[in-house]
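> Got a predicted model here, sequence first, then my questions.
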Amino acid sequence: MRIHELAKEIGIDSKELVKKLKTLNFPVKNHMSSVDNETAEIIKHELDDLNKKEIEENVIEVDFPVTLKDLAVKLAKKPSELLTNLIKQKKFFTINQSLDEETAKGIAYQYKVNLKAKLSQEEELLKYEAKDLKKRPPIITLMGHIDHGKTSILDYIRKSKITEKETGGITQHTGAYQVNLAKGSITFLDTPGHETFTAMRARGANITDIVIIVVAADEGVKPQTVEAIDHAKASGAPIIVAINKIDRPNANIDMVKQQLSKIELVPEDWGGKVITVGVSAKTGDGIDELLELIILQADLMELKADYQRPALGVVVEARLSKGKGALSAILVQEGTLRVGDLCVCGPCWGKIKAMHDDLGHLCRQAIPSFPVEILGLNGVPNPGEQLLVVPNEKAAKDIANKRKEAEEKRKITPSSHLKLEDLYKKAQEGEIKQLKIILKADVGGTLEAVEAALMKIPSKEVKLVIIHKGVGAVNSSDILLAEVTDSIVVGFKVTMDAKVREISRNKGIETRTYQIVYELIDDVTAAVEGLLTPQIKRTFLGRAEVKTVFKLTKAGIIAGCVVSKGKITRNSVCHLFRGNEVIFKGKVETLKRFKDDVKEVIEGFECGIGLGYNKIQEADVIDVFFEETIARRLK
Ligand code: GDP
């Protein structure tokens, strides 16, 4: 086949083809050169790739949605040409109409343009490329069962590593503090506990580098210890176990190590990988060793930050001070934060007027992993929200407003988390490969049994993973963990109080409790097999008999009825019967007693019903129902 024939087949100019083939290093001289069929196929394939690459690189940025007129300007085409193009695809638009992202991208692709959404100002600022990466101190959170000594350890470290003179008397609420040791510095978050930790993560702030799990040597591993460990594991942060209270006479370090081994945290000296250290927050025994182990672990992680970029940080605490206004404790993550910097912080903004370190000293700048309290924001941000230094006041206001709008939107629409009903579809589409479960049961024995049964469910597409299991009611920390890990919560023979149920609903977390084990297993099995579609449960509410029909100018056809059974409620689902036949299914759109709109009318009373259906007749019967969606259960 000659090159000019091939060009005709592909639909491009033959000179153009020769040029392209030369760039692709095909040995062709001119359009009269010949190639065999196999080479022609390879050329077609390579040209296809080249074409895709060229389009990929030919980026034009726009703000979506874009009007057809504006898109035409961007593509340097006539709007009428784009219109004709769309009509061919049976899509009908006007010039001033906005195109959705998919349609706009589709058109652009035909003109070999890769249309991309313009980055928001905030995204632009975050995109900054690192230039000056340097070591930064690790950020540590302590977690564990209540009373096992988290606060005492934090206090001991703070007091023992900071001299009286340094403190200046008043410590500041920076939400974190830093200790400086010969081998490096360490930043400790001041509010220990896995709930705070996961709540911060839920807000997008994954700031902890290393988790210290505190276990009292006399009491050993408790349910909350396991909970804390699972929260830490889910975050991916390395764990160091501090076995505390070794000064107590009944301390039993070996017992703790044995318990840890049973929950897949095998200590190093038992042949596992987990670093453990015996400490006492009372005598200070082992604390130096703990600090050294933290430094060692941090060195392994090679934690780095860019000290030069406009600062980024996270709010760890914030409060309103009567005299000073909003005070926000910030942990700097990247860059150097300075007095005078303009920043956006959550939905608030302002110029930093003053900055204090954790010892109460005024400071002028804060480098990565350094905690400071800042003054100057126009409001009190929430813990976990992001601080970002911006170039000017306009940017500050714009970004703060956008964040406010986004927050409002989030409040109205709960974020979408995995629902069992969607599992199969998402697995088919390759979106998910694991069904993560948080499992709660009434007693240890049943917990093990349910877990074993769940693990036996055969499934090709999705792997079942138990993120956390525990004995006791479903609690708010389970919901938080489900939120950050996109898990579902399954409870067996356990309760869930109203507050937790509400949090779960607001966050859009699938939470199911069961009393019968095979129902639980059946549901998960059905979800995995894609058989779990919601079922509508309908409860009969009442019946109305149509006595007369009249027409209102505004409301249309209204049926004058008498309620013969139960009650009729506005907005409920209804079936309209003529004889034994249902002739219309809809909703009670309007319901009136005389001229007043009412919510319900009970048996024996007359009312006017509008269904938005105008073929209603005298002697028809309206049955109304209460409908709820319930998950389908396999029998
Ligand atoms: P948290 O709830 O984990 O923060 O525990 P706390 O730090 O409040 O400690 C609970 C109790 O244990 C307090 O009465 C502490 O004084 C005590 N405690 C903490 N650490 C030690 C320790 O190493 N030895 C002894 N004997 N008591 C300790």
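Received, thanks. Numbering: from 1, shown residues only.
> What residues does Leu541 make contact with?
When the contact criterion is Cβ atoms under 8 Å, 6 or more residues apart in numbering, the partners of Leu541 are 566-569, 572, 624-626. Where C-beta positions appear, they are placed from N, C-alpha and C, glycine not excepted.
> Leaving out chain neighbours, which residue sits closest to it?
Val624 (4.8 Å; Cβ to Cβ, 6 or more residues apart in numbering).
> what's around the one you found, how many residues?
27 (other Cβ atoms under 10 Å).
> Tell me the residues on the stretch 101-250 of the chain that lie near the ligand, please.
144, 146-152, 192, 244-245, 247-248 (Cβ under 6 Å from any ligand atom).
> Which ones among those residues map onto helices?
Among those, the ones falling in helices (DSSP state H) are 150-152.
> Could you check how far the residue nearest to Leu541 is from the ligand?
According to Cβ to the nearest ligand atom, to the nearest Å, Val624 stands 55 Å off from the ligand.
> after the helix or strand harbouring Val563 comes which helix or strand?
Here Val563, judged by DSSP states H and E, is contained in strand 556-569. Toward the C-terminal end, the helix or strand that comes next after strand 556-569 (DSSP H and E) is strand 573-578.
> Enumerate the positions of that following strand that are buried.
Under the neighbour-count criterion of 16 or more other Cβ atoms under 10 Å, strand 573-578 has 573-574, 576-577 buried.
> re the thing from before, which residue in the residues of the stretch 101-250 of the chain next to the ligand has the weakest pLDDT?
In terms of pLDDT, Pro192 ranks lowest among these, with 83.
> Could you count how many residues lie near that one?
When neighbours are counted by other Cβ under 10 Å, Pro192 registers 21.
> Using the three-state scheme, assign the residue nearest to Leu480 when sequence neighbours are not counted.
Across the structure, with Cβ to Cβ, 6+ apart as the measure, the residue nearest Leu480 apart from its sequence neighbours is Thr198 (4.4 Å). Taking DSSP: H, G, I helix; E, B strand; the rest coil as the rule, one finds Thr198 in the helix state.
> Tell me who's in contact with Thr198.
Counting by Cβ under 8 Å, 6+ apart, Thr198 touches 231, 234-235, 477, 480-481, 483-484.
> Equivalent analysis for Ile438, please.
The neighbourhood of Ile438, defined by Cβ under 8 Å, 6+ apart, consists of 466-469, 478, 481-482, 487-490.
> go with 6 Å
Under the criterion of Cβ atoms under 6 Å, 6 or more residues apart in numbering, the contact list for Ile438 reads 467-468, 478, 482, 487, 489.
> Among the residues you listed, which lie within helices?
Members of these lying in helices (criterion: DSSP H): 478, 482.
> now the contacts of Ile438 as TSV including distance to the ligand?
Output for the contacts of Ile438, formatted as TSV (distance: Cβ to the nearest ligand atom, whole Å):
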residue	distance to the ligand
Ile467	23
His468	20
Asp478	20
Ala482	24
Ser487	26
Val489	26
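> Just the closest of the contacts of Ile438 to Asp422, please.
Proximity of the contacts of Ile438 to Asp422 (Cβ to Cβ) peaks at Ser487, which lies at 14.0 Å.
> Buried ones among the ones in helices among the residues of the stretch 101-250 of the chain next to the ligand?
Neighbour counting with 16+ other Cβ under 10 Å marks 150-152 as buried within these.
> Adding distance to Thr187, write these out as a markdown table.
Compiled in a markdown table, those are given as follows (distance: Cβ to Cβ, whole Å):
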| residue | distance to Thr187 |
| --- | --- |
| Lys150 | 16 |
| Thr151 | 17 |
| Ser152 | 19 |
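> which of the residues you listed lies closest to Gln297?
Within these, the smallest distance to Gln297 is 18.4 Å, found for Lys150 (Cβ to Cβ).
> separation between the residue positioned nearest the centre of the chain and Thr187?
The centroid of the chain falls nearest to Val484 when counting by Cα atoms, centre = their mean (6.2 Å). According to Cβ to Cβ, to the nearest Å, Val484 stands 22 Å off from Thr187.
> quick one, the longest strand seen in the chain and strand 573-578 angle?
Residue-count comparison of every strand in the chain, with assignments taken from DSSP state E, identifies strand 535-552 as the longest. Inter-element angle recorded for strand 535-552 and strand 573-578: 60 degrees (by axes from the mean of the first three to the mean of the last three Cα atoms, to 10 degrees).
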